[in-house]
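Just the structure for this:
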Amino acid sequence: MNDITSRDMNVTLMRIPQILKMMPISKSKFWLMVQKGEFPKPIKIGRSSFWTIEQVQSFIRERTDNI
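Numbers count the residues shown, from 1 in each chain. Model prediction:
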């Protein structure tokens, strides 16, 4: 039996241009942060890289909680 719920089906994926609109950094700085483990690794679908909106929001929230 499959245990996938409707909550599991509602995943929003983001690509780099969308993320960079939320985070004012360069694309090269973004990839450096991914490489260093400062930002979550992408979900790869074919040759494309995606992140969930929850990953991005959590990353931003963690950094703004200290402000």
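
measure Q35 to S28 for me?
Q35 sits 10 Å away from S28, taking C-beta to C-beta, to the nearest Å as the criterion. Backbone N, C-alpha and C define where each C-beta goes, glycine included.

which is the next helix or strand following the helix or strand containing K21?
Using DSSP states H and E, K21 falls within helix 16-22. Note on helix 16-22: by DSSP H and E, the next helix or strand toward the C-terminus is helix 27-35.

next one: that next one to chain centre, how far?
In terms of C-alpha atoms, centre = their mean, to the nearest Å, the centre of helix 27-35 is found 12 Å from the chain centre.

Contacts for that helix, please.
Applying C-beta atoms under 8 Å, 6 or more residues apart in numbering, the external contacts of helix 27-35 come out as 16, 19-20, 23, 25, 39-42.

mind running it again at 6 Å?
F39 (C-beta atoms under 6 Å, 6 or more residues apart in numbering).

could I get the longest helix anywhere in the chain in CSV with only the CA atoms?
What stands out as the longest helix in the chain, according to DSSP state H, is helix 53-64. In CSV, the C-alpha atoms belonging to helix 53-64 read as follows (Å, rounded to 0.1, in the frame of the first residue of the first chain):
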residue,chain,number,x,y,z
ILE,A,53,10.6,26.4,-1.2
GLU,A,54,10.8,25.1,2.4
GLN,A,55,14.6,24.7,2.2
VAL,A,56,15.0,28.2,0.9
GLN,A,57,12.7,29.7,3.4
SER,A,58,14.3,27.8,6.3
PHE,A,59,17.8,29.0,5.2
ILE,A,60,16.6,32.6,5.1
ARG,A,61,14.7,32.3,8.4
GLU,A,62,17.8,30.9,10.2
ARG,A,63,19.9,33.8,9.1
THR,A,64,17.3,36.5,9.9
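
Just the buried residues of that helix, please?
For helix 53-64, a neighbour-count test (16 or more other C-beta atoms under 10 Å) marks 55-56, 59 as buried.

what does stretch 34-51 give?
Here stretch 34-51 shows 39, 42, 49-51 as buried, counting by 16+ other C-beta under 10 Å.
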